[in-house]
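Asks: below: sequence and its predicted model.
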Amino acid sequence: MDFAFTDEQQAVSEAAMGLLGRLVDPERILAVEQTDDIVDRELWAALSAADLLGLAVPEAHGGAGYGLTELCLLLQAQGNVVAPVPLWATLVLGALPLAQFGSPELQARWLPGVVAGDVMLTAALNGVAMGVHGVPPVTATAVGDGWVLNGTELAVPQAHLARRIVVPAHTADEEIVLLLVDPQAPGVSLERTVTTNREIHPHLHLTDVAVPAGDVLVDPTSARAALETLVMAATAGLCALQVGVCESALRQTALYLNQRNQFGRPLSSFQGTMLRAADAAIDIEAMRVTLWNATWLFDTGRDATDAVQVAKWQASERGQRTVHATQHLHGGMGADITYPIHRYFLWGKQLELLLGGPSLQLARIGAGIAARALAEPKT
């Protein structure tokens, strides 16, 4: 097991860090947050021009053919600057399952547009990820060669921007199907919802929505396994964002503590601030190593279920602890909601809870341990 990045992965990280660090600053983010869509379209175009939107798209469709690790390096860079662009929604929730499970026709229809920056995608996973039994809340009824959908999915990431939404649904036979839903189709409505970190995650309402056979991403014969893979990849992506958010928040905090004086000394020279910052640094390293362990297992075809759950618990528990610490160490400035560090606090809190917070992750880890123990032969 070697967690050293390849030359190609290092190049991805450097390109992403360089572009996002150069183009994103607090003033630009604030301006974007005043718009209706809350997305930086100029930055999105720049990411496309830098060939970063096609990292996990097959080469046949204009991409680089990389995997989840490379996507997570890009997401870590996004978290560093809390850039308001739908990278996680489009590349992980939408393009990745299309690349892995989509038919050649579906891939040719949508993936070149993703690479070019013309197509944004997303997926409705909250119902599965947050539910007790992992059953999608949307129902699917077979009608001819297609399906008719009914139900509601809550807080679909940036669905207002998406050309297509990956929607898991359950049938009367308790099977699963993955479908591509057009947000403009008859019977589809989006209810605008603003999240903790100021993104828009609309509620998706479906009433007798007809989905043709050509928009079936994965049929019931293999959709359950595909959905589990998608949720794992999506969860790992959140962990990468959280690592980026927290490491940047701590860097900014260290700079603040070095520059701010109290009693004639820098705040960084006081033992209390040093210990709090050191604890945050340890938390970030724990988040980092569990993230890359999970993506390595995923990209090498190994079972990453437990590793992803552990990484998400670390990112949720230690991530919220880190952003709380960095805000607290800013003193009164940290309480100012217009000060840049507050935005990192909001992102950290949002990422903590997306697709399940620390308690849910611990419950899943415990259930997995118990199931394996019960399955062991009695001696």
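Replies: Cool, the structure landed.
Asks: excluding sequence neighbours, find me the nearest residue to L297.
Replies: Leaving out its chain neighbours, the residue that sits closest to L297 by Cβ to Cβ, 6 or more residues apart in numbering is A304, at 3.9 Å. The C-beta positions use only the backbone N, C-alpha and C, and glycine is treated the same way.
Asks: again, but for A129
Replies: With Cβ to Cβ, 6+ apart as the criterion, A129 has its nearest non-adjacent residue at 4.1 Å, and that residue is L355.
Asks: P266 too?
Replies: Nearest non-adjacent residue to P266, counting by Cβ to Cβ, 6+ apart: N258, 5.5 Å away.
Asks: element containing that neighbour?
Replies: Here N258 is covered by helix 223-259, with elements defined by DSSP states H and E.
Asks: where exactly do the strands run in the chain?
Replies: Here the chain has its strands, by DSSP state E, at 121-123, 139-143, 146-153, 164-170, 176-181, 188-191, 203-211, 216-218, 261-262, 265-266.
Asks: partners of the one helix or strand in the chain whose mean pLDDT sits lowest in the sheet?
Replies: The weakest-scoring helix or strand in the chain, judged by mean pLDDT, DSSP states H and E, is strand 261-262 (a mean of 79). Take DSSP bridges as the rule and strand 261-262 pairs in its sheet with strand 265-266 (antiparallel).
Asks: what's in contact with the partner strand?
Replies: L257, N258, Q259, R260 (Cβ atoms under 8 Å, 6 or more residues apart in numbering).
Asks: most neighbours, which of the residues you listed?
Replies: Using other Cβ atoms under 10 Å as the neighbour test, the contacts of strand 265-266 are led by L257, with 21 neighbours.
Asks: that residue touches T326, doesn't it?
Replies: No. Using Cβ atoms under 8 Å, L257 is not in contact with T326; the gap is 10.1 Å.
Asks: separation between A89 and V211?
Replies: Distance of A89 to V211, computed by Cβ to Cβ, to the nearest Å: 20 Å.
Asks: residues of stretch 136-150 that come out buried?
Replies: Within stretch 136-150, the residues that qualify as buried are P136, P137, V138, A140, G146, W147, V148, L149, N150, counting by 16 or more other Cβ atoms under 10 Å.
Asks: no wait, stretch 10-30
Replies: Those would be V12, S13, A15, A16, M17, L19, L20, V24, R28, I29, for stretch 10-30 by 16+ other Cβ under 10 Å.
Asks: now that stretch: average pLDDT?
Replies: Regarding stretch 10-30, the rounded mean pLDDT is 96.
Asks: what residues does it touch?
Replies: Contact with stretch 10-30 is made by 5, 40, 42-43, 46-47, 50, 52, 55, 66, 70, 73-74, 76-78, 80-84, 340, 343, as judged by Cβ under 8 Å, 6+ apart.
Asks: ok, stretch 353-368 next?
Replies: Here stretch 353-368 has contacts from 125-126, 129-130, 196, 231, 234-235, 238, 305-306, 309-310, 312-313, 316-317, 352, using Cβ under 8 Å, 6+ apart.
Asks: out of those, which are inside helices?
Replies: 126, 129-130, 231, 234-235, 238, 305-306, 309-310, 312-313, 316-317, 352 (DSSP state H).
Asks: buried among those residues? Make that a PyMOL selection.
Replies: The buried subset of the ones in helices among the contacts of stretch 353-368, as determined by 16+ other Cβ under 10 Å, is captured in PyMOL by this line:
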select buried, resi 126+129+130+231+234+235+238+305+309+310+312+313+316+317+352
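Asks: many thanks, we can stop here.
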